[in-house]
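Asks: Structural data only, the sequence is not supplied:
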């Protein structure tokens, strides 16, 4: 059980809330309170649109502990429309083959269970092909 | 500046050592290095180790290993930089000896992977950004796959363009007595290998294994008149970091830390990368070796896979991590011990003729940490 560390990250995990730098306007995800571009203090929350495209991807057939129930799953680096990149699983792929450059949008999904049957279920962002309708 | 020399080296064979514990592996490499150096003992021991506290449930390795290796009471602690831990420990030893604070220091890389029969992949993933990469089910191999997929897309090369690296590694390891796989590969085996983590095949990924390697450093003025071995000078030692997470880099296909680390180490040594007679590049995965070769300036971005046709500096001369085996945090010190073996002229069938200048580079993660050393006889 690692409740505090998941609870602490709920805004970014559930809603893709990052930060915007008041000095250089850079949009920052994940939030870190220090701008990676100009090293200035950056604590202003910024809501990302959740839209982006696939920068790269791979399929995991052999999962690390905690992800066995998801196998096979597709992991991608997604370039968000606002600039930053994020690592996330892809979901709702259906028969569509994943391609680099494919437009995707963020959805909230179950990531895994923390611990045994009685552990918390951890939710977070995944990305799915754009244009599938309501989440 | 004071000249720092390598007075002795020691390695255990790399493999699945079910019968040997972390402390025993360490002691064997330490005693072997002391013997190689003609009985020279260190006043400080810097230990490169990544997994001990998780796989072997053992921390505070400084006290454990010194006490179990006949070095009880000396300065000792662990240096951790994921897969580059051992190379980082050598950097620490270099700082200690070159500063004059310690006369003789030992850097030890030790890793015990096979104490767990499963769950190791999750532990190795602690070298990633756990909150934003490990949490998503990404592993070190998955990171390499993400980079290789993008590389293939961006530069229009096929997967087969990477095959020369594992072929070269396995060809060389045949004659390395410490190697895990001493069997050459047939090219057709690589061509038909299915992807394990698409597009990486089994042959793109170095196998994790147990091992320990140690290096004794001292200053040239402290060597006996007739040293036990031909001293190898350590002319450059550089540790550079990049963003830990792949997604945090402006161009993930550019190994900036690898490049800056090569530049800094070469500047210290007063050489250019093209001057070296051999380069022990990090081949944890074949894509990392290609990106590291590009970062060091041996090829332009996108052209690293072409080096097999164009010709290149001798690489992976003892089999690299792919075929010698990858003892994770110890692999950086295996590279250094292998380079020293070459520079002393003791590499037997694998000897690079006339080798006088060598470069080694060990990467923690996808060059999140890059450690480069320059050695010369």
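Replies: Nice, I can see it. Since we're looking at a predicted model, the values are computed, not measured. Numbers count the residues shown, from 1 in each chain, chains lettered A, B, ... in the order given.

Asks: How is the residue of chain B most remote from its centre assigned, secondary-structure-wise?
Replies: Farthest-out residue of chain B from its mean C-alpha position, per C-alpha atoms, centre = their mean: residue B:225, at 31.5 Å. State at residue B:225, reduced to three classes by DSSP: H, G, I helix; E, B strand; the rest coil: coil.

Asks: Quick check, pLDDT for it.
Replies: With respect to pLDDT, residue B:225 scores 89.

Asks: For it, give its distance to chain A.
Replies: Separation of residue B:225 from chain A (C-beta to the nearest C-beta, to the nearest Å) stands at 53 Å. For the C-beta atoms, the positions are set from N, CA and C on the backbone; glycine is no exception.

Asks: Tell me the residues of chain A that contact chain B?
Replies: Within reach of chain B by C-beta under 8 Å from any C-beta of the partner chain, chain A has these residues: A:5, A:9, A:30, A:36, A:55-67, A:70, A:73, A:75-77, A:84-89, A:100, A:111-112, A:124.

Asks: what's in contact with the helix or strand harbouring residue B:77?
Replies: Using DSSP states H and E, residue B:77 sits in strand B:75-79. When contacts are defined by C-beta atoms under 8 Å, 6 or more residues apart in numbering or on different chains, strand B:75-79 is touched by residues B:43-49, B:52, B:59-63, B:65-66, B:85, B:88-89, B:92, B:102.

Asks: What residues of that strand count as buried?
Replies: B:75, B:76, B:78, B:79 (16 or more other C-beta atoms under 10 Å in any protein chain shown).

Asks: residues contacting residue 90?
Replies: Using chain A. Residue A:90 touches A:54, A:57, A:74, A:75, A:76, A:98, A:104, A:126, A:127, A:128, counting by C-beta under 8 Å, 6+ apart.

Asks: meant chain B actually
Replies: With C-beta under 8 Å, 6+ apart, residue B:90 has these contacts: B:46, B:48, B:107, B:215, B:217, B:237, B:332, B:333, B:336, B:371, B:373.

Asks: Which ones among these lie within helices?
Replies: Under the assignment DSSP state H, the contacts of residue B:90 contribute B:332, B:333, B:336 to helices.

Asks: so who does the last one touch?
Replies: Residues in contact with residue B:336 (C-beta under 8 Å, 6+ apart) are B:6, B:9, B:87, B:90, B:213, B:215, B:280, B:360, B:373, B:375.

Asks: continuing past the worst-scoring helix or strand of chain A on mean pLDDT, what's the next helix or strand?
Replies: Lowest by mean pLDDT, DSSP states H and E among the helices and strands of chain A is helix A:3-8, with a mean of 86. The first helix or strand that comes after helix A:3-8 along the chain, using DSSP H and E, is helix A:10-15.

Asks: Where do the strands of chain A begin and end?
Replies: Counting by DSSP state E, chain A has these strands, from start to end: A:17-20, A:27-28, A:44-47, A:51-60, A:73-80, A:85-90, A:103-113, A:121-129.

Asks: coming back round to it: can I get the ones in helices among the contacts of residue B:90 in TSV with pLDDT?
Replies: As requested, the ones in helices among the contacts of residue B:90 are exported to TSV (pLDDT from 0 to 100):
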residue	pLDDT
B:332	98
B:333	98
B:336	98
